[in-house]
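**Student:** Kindly return the folded structure for what I paste below:
(chains A, B, C and D)
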Number of protein chains: 2
Amino acid sequence: MMRLSTRGRYGTRLMLQLAQNYKNGPVLLKDIALKEDISTGYLEHLLPPLKAIGLVSATRGAHGGYTLAKPPSEISLRDIVQSLEGSLSPVECLDTPSVCSRVQRCVSRDIWKLLRDSIYQTLESKTLEDLITLQKEKSSHMYYI
Amino acid sequence: MMRLSTRGRYGTRLMLQLAQNYKNGPVLLKDIALKEDISTGYLEHLLPPLKAIGLVSATRGAHGGYTLAKPPSEISLRDIVQSLEGSLSPVECLDTPSVCSRVQRCVSRDIWKLLRDSIYQTLESKTLEDLITLQKEKSSHMYYI
DNA sequence: TACATTTCCTACTGAAATACTAAGATTAGT
DNA sequence: ACTAATCTTAGTATTTCAGTAGGAAATGTA
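**Tutor:** Below you'll find the model as predicted:
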């Protein structure tokens, strides 16, 4: 159904929280879990991939926590979502041509490639900084919780 | 994982076959199944939604089969994929806001909306006629099966 | 050193979606 | 009647998803 999994969705919310605390020192996962209403246990699964590609760094032990490893302006939504979802290709044959013998003559595959590229482009064009800006604009227009 | 299901993929291949036989009279599902190497049993599941939105018409009984209900130029990939996948929204809350209480203040949702719109746009911009053209171009460059 | 706090890692599990298959009912032409 | 086709419903095996659980490793503090 072409739906983002919870990994991609929760992951961007997690990253937005980290972005909002950039330069405030490490943030506890526990706190993010509380604010975002997601279990810490599940959030823990999202960190390894984000660390692996250098978006997040962690400090273990007491007074530890997680920090953005780069400024919010340098982290795009594509970075986040791709690392957590594994791939943004709408079809497997774009990542692994060997899965299908029709690859060369398949025209629908060409369309899926266009689709993938437009997904890339859309998500690349938005950074965590953009989200923060959006957040601020939004809350200034909200007169209710 | 944001992957198209086989419904969307097989469905576009099915529709391309119908498009290539537009104005040749009804096509047997059996024949399409053979060409595309998909079981007729499974293809049968894809027809009801396509008929429901008026993309395909069927003739039952002997000498029956399926026909495109509109010219290939008037059927976009969005029509096909959306009808078969059910929705093209990367997140459920775009279709059904009531599933999440954070809808109003959620900035990531705004990004998913952008993403959905770019998916719409990409798929709307391609019609079955475009696929046929692409197919022709492609086969003229292929010197092997 | 002992302890508390935190990240890190692995295994497991229930639920849902996916990708089919099967079998017959219905319709239409010959 | 008979044959050829679509139509419809039910069932099932497999995979993916979402989440829990439990403990190991690291780090600061008393």
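**Student:** Could you list the residues of chain A in contact with DNA strand C?
**Tutor:** A:1, A:28-30, A:40-41, A:44-45, A:47-48, A:51, A:58-66 (CB under 7 Å from any atom of the strand). The C-beta positions use only the backbone N, C-alpha and C, and glycine is treated the same way.
**Student:** Point me to the helix or strand that includes the residue of chain A most remote from its centre.
**Tutor:** In chain A, the greatest distance from the average C-alpha position (CA atoms, centre = their mean) is reached by A:Arg105, at 33.7 Å. When secondary structure is defined by DSSP states H and E, A:Arg105 falls outside every helix and strand.
**Student:** surely it meets B:Lys138?
**Tutor:** Yes: A contact is recorded between A:Arg105 and B:Lys138 when judged using CB atoms under 8 Å, the distance being 6.5 Å.
**Student:** List the neighbours of stretch A:68-82 that are in contact with it.
**Tutor:** Contacts of stretch A:68-82 from elsewhere in the structure, counted by CB atoms under 8 Å, 6 or more residues apart in numbering or on different chains, are A:4, A:8, A:11-12, A:15, A:18-19, A:22, A:50, A:53-57, A:88, A:120, A:123-129, A:131-132, B:111.
**Student:** Run through the residues of chain A next to DNA strand C and flag the ones next to DNA strand D.
**Tutor:** For DNA strand D, the contacts drawn from the residues of chain A next to DNA strand C by CB under 7 Å from any atom of the strand are A:41, A:44-45, A:59-64.
**Student:** Turn those into TSV, including secondary structure.
**Tutor:** Putting these into TSV (DSSP: H, G, I helix; E, B strand; the rest coil) gives the following:
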residue	secondary structure
A:Gly41	helix
A:Glu44	helix
A:His45	coil
A:Thr59	strand
A:Arg60	coil
A:Gly61	coil
A:Ala62	coil
A:His63	coil
A:Gly64	coil
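**Student:** So among the residues you listed, which ones count as buried?
**Tutor:** Applying 16 or more other CB atoms under 10 Å in any protein chain shown to those, the neighbour count classes none of them as buried.
**Student:** for A:Gln17, what are its contacts?
**Tutor:** By CB under 8 Å, 6+ apart, A:Gln17 lies in contact with A:27, A:32, A:35-36.
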